[in-house]
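Peer 1: sequence first, then the predicted structure, then my questions.
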2 protein chains.
Amino acid sequence: MAKRIGKQSVKFDKSISIKSTAATVGPKEGEGPLGKYFDVVLEDILAGEKSWEKAESKIVSNNMKLAVEKSKIGMDKIDYILAGDLLNQGSGSNYGVRDFNIPFFGLYGACSTFGESMCLGGILIESGAAENVLVGASSHFCAAEKQFRFPLDLGTQRPLTTTWTVTGDGAAVLSNEDNSPYITAITTGKMVDLGITDANNMGAAMAPAAAQAICSNFKDFDITPDYYDLIITGDLGKVGMELTTKLLKEEGYDISKNFTDCGVEIFDPVSQDTHAGGSGCACSATVFSSYFYEKVKRGELKRILFVPTGALMSSTSVQQGESIPGIAHAAVIENKRGNN
Amino acid sequence: MAKRIGKQSVKFDKSISIKSTAATVGPKEGEGPLGKYFDVVLEDILAGEKSWEKAESKIVSNNMKLAVEKSKIGMDKIDYILAGDLLNQGSGSNYGVRDFNIPFFGLYGACSTFGESMCLGGILIESGAAENVLVGASSHFCAAEKQFRFPLDLGTQRPLTTTWTVTGDGAAVLSNEDNSPYITAITTGKMVDLGITDANNMGAAMAPAAAQAICSNFKDFDITPDYYDLIITGDLGKVGMELTTKLLKEEGYDISKNFTDCGVEIFDPVSQDTHAGGSGCACSATVFSSYFYEKVKRGELKRILFVPTGALMSSTSVQQGESIPGIAHAAVIENKRGNN
């Protein structure tokens, strides 16, 4: 039985292993500082398809299959798929796994979706309903720009607070087998909305939710930031990271020494002109599923707090003057179980 | 511990009570055959707001609060909210529960979302992670027409296979308290896509998925259709019901005697000009949360199979010539536990 801790956290009793991961990215991500860690770097951002949306679904399909291959568990042993993306009605995921013939739960947590899928995937195993769960999240730069901002052909100038949506898919096979690393606990996010209305400043919109989830994790488990080797948010970017650090300092927690963000890690802002960093569901999903997963598996990082972050607006809500609620879902991922 | 049964089903060990429900609908639904069963019938389809999208979020907010009030559990005892809707990026739900200050999982299963929320809500309680979970789903006729088909002002003629998106929200408080009725088992849907490309014929797109989920439920539990007092799909409408009956007959199951559909129940097609029936996430959510919930609670129906159905397309996927995958999530809902 899972143990409810505090108001937002749960500690797993069972072994929730991250048996395997896979990360596929586009050409730009491949040229970035983490390029060599990804399983697949596409040469063609259309992945041989006729539209960006179809390209995203193809990336999802191939990458999720790759995660299952790497797990050596076999597709017929996967009990559930949990996935989501940024496209309207989650069509990146829906069309991506349409032919998998496996019970499917579609999720929407914007760029926090990979965290949401890990939380619910862990819960499915803990409950006894599943032995193996395939989770994932995807995004595509061109499809996201077209849908949320402006058609690329306009060549609109991007403000410096803007992030760059990552093209790719990150996926993981969660299993009750006893294989390092493990998801040992989760802190599920609440929506936080401090009134940001600028859709070009997602970092500022998500930072309060990231700080809230991290702070609740510390309080629920009665720990301090140094409990973790590293705290890794999803796609706050440079602007959002600074704000999150400041908000947590006001709560009495100094995370400045062991804090990074997948959006800051994935691109070189100077040579790649990505401004505040990477974003999109695929940002945290691909960076975790390659670079950080391997580091925890090898024991270079013994315990991390992984906190994918999302901004829950739509084009319509922004046009109607609504502010942007943020959300962040945290997972405690450890090289060994029973550390605490 | 939940017990996995067959390939798609799970039997709950714990008591998963549907402690309370609430259903709010628009004026047209109030004039239909089930009008007197809904908790709230709005006089104004804008619910006093300036846009249909804002109206949907207000309906979500008020109706989910009403479900919690009716449960007498108290909002501070709700551990999670699971909700979703048809609007891009789930903004009906996101803005609806933004201020609730409760851990939130956003879902997308198109019109099957209420079934998805029941499945995952039950799993959260079964795992020990939650004692009380608030689940729900919503839709709004005007917002859905604008987003998926044509602006209402065009006055486009609707084909006879078309369904009418229900305006409203259905919500339930699931609890580990021992109160009738109970969710005793679930059968989680797989996507099924037989190549339908007509976005005005959702019934045909969803029927194969409904038949697949119902058939799996029968096979997983080794039962026949008469095991249930009633099998209730979400929003297949007249066209989809006929097709589902036919598909199940081919599998050797005759459900013609105890089968209905929330989309067929909610409107009078002749006097209300709704063609094939009601649809939208709110269709199954509101009809279950009022009419059928009370019938099971009172014991007039002892055991039902409730099967919300969804069509997982987007406007973009339809424009790009993609066919429409269907999905259906089934929940076994009983007046007493331990019947089998």
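Peer 2: Here it is on my side, so go on.
Peer 1: just the helices from the stretch 51-200 of chain A, written as ranges.
Peer 2: Remark: helices assigned in the stretch 51-200 of chain A by DSSP state H, counting those that start in this stretch are A:52-71, A:91-97, A:113-127, A:141-148.
Peer 1: so which of these comes closest to A:Pro325?
Peer 2: For these, proximity to A:Pro325 was assessed by CB to CB; helix A:113-127 is nearest, at 14.5 Å. Glycine gets a C-beta too; all of them are placed from N, C-alpha and C.
Peer 1: just the C-alphas of that closest one, formatted as CSV.
Peer 2: What follows is helix A:113-127, C-alpha atoms only, in CSV (Å, rounded to 0.1, in the frame of the first residue of the first chain):
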residue,chain,number,x,y,z
THR,A,113,2.8,15.6,-18.6
PHE,A,114,5.8,13.4,-18.3
GLY,A,115,5.7,13.9,-14.5
GLU,A,116,1.9,13.3,-14.5
SER,A,117,2.4,10.0,-16.4
MET,A,118,5.1,8.9,-13.9
CYS,A,119,2.9,9.7,-10.9
LEU,A,120,-0.1,7.8,-12.3
GLY,A,121,2.0,5.0,-13.8
GLY,A,122,3.5,4.4,-10.4
ILE,A,123,0.1,4.4,-8.8
LEU,A,124,-1.2,1.8,-11.3
ILE,A,125,1.6,-0.5,-10.3
GLU,A,126,1.3,0.2,-6.6
SER,A,127,-2.5,-0.6,-6.8
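Peer 1: quick check: bridge partners of A:Ile186?
Peer 2: A:Val10, A:Ala331 (DSSP bridges).
Peer 1: that one contacts A:Val332, doesn't it?
Peer 2: Yes - the pair formed by A:Ile186 and A:Val332 meets the contact definition of CB atoms under 8 Å, at 7.1 Å.
Peer 1: who's more crowded, the two?
Peer 2: A:Ile186 (31 against 24; other CB atoms under 10 Å in any protein chain shown).
Peer 1: what's the helix or strand for the closest residue to A:Ser112 other than its chain neighbours?
Peer 2: Leaving out its chain neighbours, the residue that sits closest to A:Ser112 by CB to CB, 6 or more residues apart in numbering or on different chains is A:Gly310, at 3.3 Å. Using DSSP states H and E, A:Gly310 sits within strand A:309-311.
Peer 1: got the residues of the stretch 201-340 of chain A near chain B?
Peer 2: Counting by CB under 8 Å from any CB of the partner chain, the stretch 201-340 of chain A comes close to chain B at A:Leu312, A:Met313, A:Ser314, A:Ser315, A:Thr316, A:Ser317, A:Gln320, A:Glu322, A:Pro325, A:Ile327.
Peer 1: ok, how many other residues are close to the closest residue to the fourth one other than its chain neighbours?
Peer 2: When you say that, I think you mean A:Ser315. Closest residue in space to A:Ser315, ignoring its immediate chain neighbours: A:Phe148 at 5.8 Å, by CB to CB, 6+ apart. Neighbour count of A:Phe148, defined by other CB under 10 Å: 19.
Peer 1: quick one, what contacts whatever residue of the stretch 151-300 of chain A ends up closest to chain B?
Peer 2: Closest contact between the stretch 151-300 of chain A and chain B, by CB to the nearest CB, is at A:Thr188 (3.7 Å). With contact taken as CB atoms under 8 Å, 6 or more residues apart in numbering or on different chains, A:Thr188 is in contact with A:Gln8, A:Ser9, A:Val10, A:Cys119, A:His329, A:Ala330, B:Tyr80, B:Pro103, B:Phe104, B:Phe105.
Peer 1: pLDDT score assigned to the fourth one?
Peer 2: In the prediction, the pLDDT value recorded for A:Cys119 is 98.
Peer 1: next, count neighbours for it.
Peer 2: So A:Cys119, with other CB under 10 Å, has 30 neighbours.
Peer 1: for it, give its distance to A:Ile16.
Peer 2: Separation of A:Cys119 from A:Ile16 (CB to CB, to the nearest Å): 10 Å.
Peer 1: so for the residue nearest to A:Ser315, what's the pLDDT?
Peer 2: Looking at A:Phe148, the pLDDT reads 87.
Peer 1: ok, it - contacts?
Peer 2: When contacts are counted by CB under 8 Å, 6+ apart, A:Phe148 touches A:Leu86, A:Ala199, A:Ser315.
Peer 1: isn't A:Leu86 right next to A:Ser139, touching?
Peer 2: Yes - using CB under 8 Å, A:Leu86 and A:Ser139 qualify as a contacting pair, with a distance of 5.0 Å.
Peer 1: between these two, who's got more neighbours?
Peer 2: Neighbours were counted for A:Leu86 and for A:Ser139 using other CB under 10 Å; A:Ser139 has more, 31 against 27.
Peer 1: partners of that one in the sheet?
Peer 2: A:Gly168.
Peer 1: list the contacts of it.
Peer 2: Taking CB under 8 Å, 6+ apart as the test, what A:Ser139 contacts is A:56, A:85-86, A:92, A:111, A:165-168, A:280-283.
Peer 1: for it, give its distance to A:Thr188.
Peer 2: Applying CB to CB, the value for A:Ser139 to A:Thr188 is 22 Å.
Peer 1: so which residues of the stretch 101-250 of chain A form strands?
Peer 2: A:104-106, A:132-139, A:164-165, A:168-175, A:182-187, A:230-233 (DSSP state E, counting those that start in this stretch).
Peer 1: hmm, back to that, which residues do A:Leu86 and A:Ser139 both contact?
Peer 2: A:Gly92, A:Cys111, A:Thr165, A:Gly280, A:Cys281.
Peer 1: got the contact list for the fourth one?
Peer 2: With contacts defined as CB under 8 Å, 6+ apart, A:Gly280 is in contact with A:Leu86, A:Cys111, A:Ser139, A:His140, A:Phe141, A:Ala144, A:Thr165, A:Val166, A:Thr167, A:Asp235.
Peer 1: mind putting those into TSV with pLDDT and distance to A:Leu243?
Peer 2: Shown next, in TSV, are the contacts of A:Gly280 (pLDDT from 0 to 100; distance: CB to CB, whole Å):
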residue	pLDDT	distance to A:Leu243
A:Leu86	96	22
A:Cys111	97	16
A:Ser139	97	22
A:His140	97	27
A:Phe141	95	24
A:Ala144	92	22
A:Thr165	95	20
A:Val166	97	21
A:Thr167	98	26
A:Asp235	96	13
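Peer 1: in those, find the pair that's most separated.
Peer 2: Pairwise distances across the contacts of A:Gly280 peak at 14.5 Å for A:His140 and A:Asp235 (criterion: CB to CB).
Peer 1: put the alpha carbons of the strand or helix carrying A:Cys283 into CSV.
Peer 2: Using DSSP H and E, A:Cys283 maps to helix A:281-287. Output of helix A:281-287 as CSV, limited to C-alpha atoms (Å, rounded to 0.1, in the frame of the first residue of the first chain):
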residue,chain,number,x,y,z
CYS,A,281,6.4,18.2,-23.0
ALA,A,282,9.4,16.6,-24.7
CYS,A,283,11.9,18.9,-22.9
SER,A,284,11.9,17.2,-19.5
ALA,A,285,10.8,13.9,-21.0
THR,A,286,13.8,13.6,-23.4
VAL,A,287,16.4,15.1,-21.0
